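1. kindly return the folded structure for what I paste below:
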Amino acid sequence: MRVPRRTNFFFGLVLLAAAIIFLLGALDVIPPGIADLINRSWPVVLVLFGLGIFLRDRVRLGGLIALVVGGLLVGGLATTAFSSRATGLRTDYTAPINQPVTNGINLLRVSVQTLSTDVEIVRSLDARIISGEFVGSSESLLTTTYVENDDSTANLTIAETQPNQFPLLERMGRGRFTLELPADVAVDVDFRGGEGILTLNMSGLALERLNLDLAKGDALVTIPAYQPLSGGIDATIGTFVVRDGDINVFVPPTVGARFELNRGGSGLQPIFDTLDSNYLVGDILEARTFDTAEIKLRYAITAPRGQITIESTGTE
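-> Predicted coordinates:
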């Protein structure tokens, strides 16, 4: 009696997939980042074949089970590899900033957007000069645009982007960005960040407005002893949003600050000095000197997963 020949659909599927990958790679159709991940995942194919052979006569649908396990291994390998690379600081790419500001400009609007980058924005020691530097991965690209308008204002836009949709694993990493703003021109600062430590030391700046939105990381914000000329003393002049992390706000003693808090479901009570501030109904922290202070500043703080801390700088 002739025994029917046994075939293995699973092995055929794996070989077909490998052949297609080789063909697409030869035609340069696969993006370099995906090709890099595939090259690093070839040992998983041996695991697939081993599981397929081991389970073929022992477990029903053994080939399918091996395929699922292999997919999970590839996913876990990719996630672990990218996570470990993403936490390391890189110095492959450098982008300096050196932009003079014309004497006729009286308001500078600054917009900064970063990805996985530690950011520090401070006052410049050089009058009418915007300076800074980005140091990070070659998979990042920093674009700077500066435009002076006819109404004596200027717009500075700085954006970090990722030019490759699928970056090479060996080039992944964190960046560092510093920006120095001139003290003798009023500034309106808007920051949007993906992940990293954010330090905004606005001391000595003529800060008209400050907004920040950080997806993940901690933020340290020092507000200046300066009364904005626009908006009026009853207007909220900024919103601080830290979606996954802590925020520390440092306030000069001459400033009467009022903070409207949104703690989401964190359950973390704000940290503050009861000698300096009152905790009011509605989740509001208000300086005890708010009514009598010459400088009154109002901000809204949102931190649904982190600690909110308000401290005095102790100096003006």
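2. and Ala95, what are its bridge partners?
-> Residues in a beta bridge with Ala95, per DSSP bridges, are Phe134.
3. residues near it, how many?
-> The local packing of Ala95 (other Cβ atoms under 10 Å) involves 18 other residues. Using the backbone N, CA and C atoms, a C-beta is placed for each residue, glycine as well.
4. and the longest strand anywhere in the chain, what other elements does it pack with?
-> When the chain is parsed with DSSP state E, its longest strand is strand 107-123. Under the contact criterion of 3 or more Cβ pairs under 8 Å, 6 or more residues apart in numbering; DSSP states H and E, strand 107-123 touches strand 129-136, strand 153-161, strand 175-181, strand 186-195, strand 198-201.
5. quick one: closest of those to Asn98.
-> Set against Asn98 and scored by Cβ to Cβ, the helices and strands packed on strand 107-123 come closest in strand 129-136, at 5.4 Å.
6. mind listing the strands the following helix or strand past that closest one pairs with, and their directions?
-> From strand 129-136 onward toward the C-terminus, using DSSP states H and E, the following helix or strand is strand 141-148. Sheet pairing here is set by DSSP bridges, and for strand 141-148 it gives strand 153-161 (antiparallel).
7. what's the angle between the strand it pairs with and strand 129-136?
-> Orientation check (axes from the mean of the first three to the mean of the last three Cα atoms, to 10 degrees): strand 153-161 against strand 129-136 gives 10 degrees.
8. 8 is where my numbering starts, stick with that
-> Got it, the first residue is 8 from now on, which makes the last one we talked about strand 160-168.
9. just the CA coordinates for strand 160-168, please, in CSV.
-> Taking Å, rounded to 0.1, in the frame of the first residue of the first chain, the C-alpha atoms of strand 160-168 are listed here in CSV:
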residue,chain,number,x,y,z
THR,A,160,7.4,91.2,15.7
ALA,A,161,9.5,88.2,14.7
ASN,A,162,8.7,84.5,14.6
LEU,A,163,11.3,81.8,15.4
THR,A,164,10.2,78.2,14.7
ILE,A,165,12.4,75.3,15.6
ALA,A,166,11.3,71.8,14.9
GLU,A,167,13.0,68.4,15.3
THR,A,168,11.7,65.8,12.9
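10. quick check: which ranges of the chain have low pLDDT?
-> Within the chain, the stretches falling below the threshold (pLDDT under 70) are 8-95, 172-179, 238-241, 322-323.
11. the domain parsing of it - what is it?
-> 16-93, 100-319 (automatic domain parsing).
12. those strands in the stretch 208-323 of the chain, which residues are they?
-> Per DSSP state E, counting those that start in this stretch, the stretch 208-323 of the chain carries strands over the ranges 214-223, 226-229, 246-249, 254-258, 262-269, 284-287, 291-294, 302-309, 315-319.
13. so what's the residue count around Thr101?
-> When neighbours are counted by other Cβ under 10 Å, Thr101 comes out with 12.
14. how many other residues sit next to the closest residue to Gly111 other than its chain neighbours?
-> Distances taken as Cβ to Cβ, 6 or more residues apart in numbering place Ser159 nearest to Gly111, at 5.7 Å, with adjacent residues excluded. By the criterion of other Cβ under 10 Å, Ser159 has 11 neighbours.
15. how close does Ser159 sit to Leu217?
-> With the distance defined as Cβ to Cβ, to the nearest Å, Ser159 ends up 21 Å from Leu217.
16. just Ser284 next, same as before
-> Distance of Ser284 to Leu217, given as Cβ to Cβ: 19 Å.
17. which one's more surrounded, these two?
-> Regarding Ser284 and Leu217, a neighbour count based on other Cβ under 10 Å identifies Leu217 as having more, with 25 against 22.
18. was I right to think that one contacts Pro231?
-> No. The pair formed by Leu217 and Pro231 falls short of the contact definition of Cβ atoms under 8 Å, at 9.5 Å.
19. that older thread, what strands line up against the longest strand of the chain, and which way round?
-> strand 160-168 (parallel), strand 182-188 (parallel), strand 193-202 (parallel), strand 205-208 (parallel).
20. and the second one with strand 214-223, angle?
-> In this case it means strand 182-188. Here the directions of strand 182-188 and strand 214-223 differ by 170 degrees (the same axes, to 10 degrees).
21. with that, I have no additional questions.
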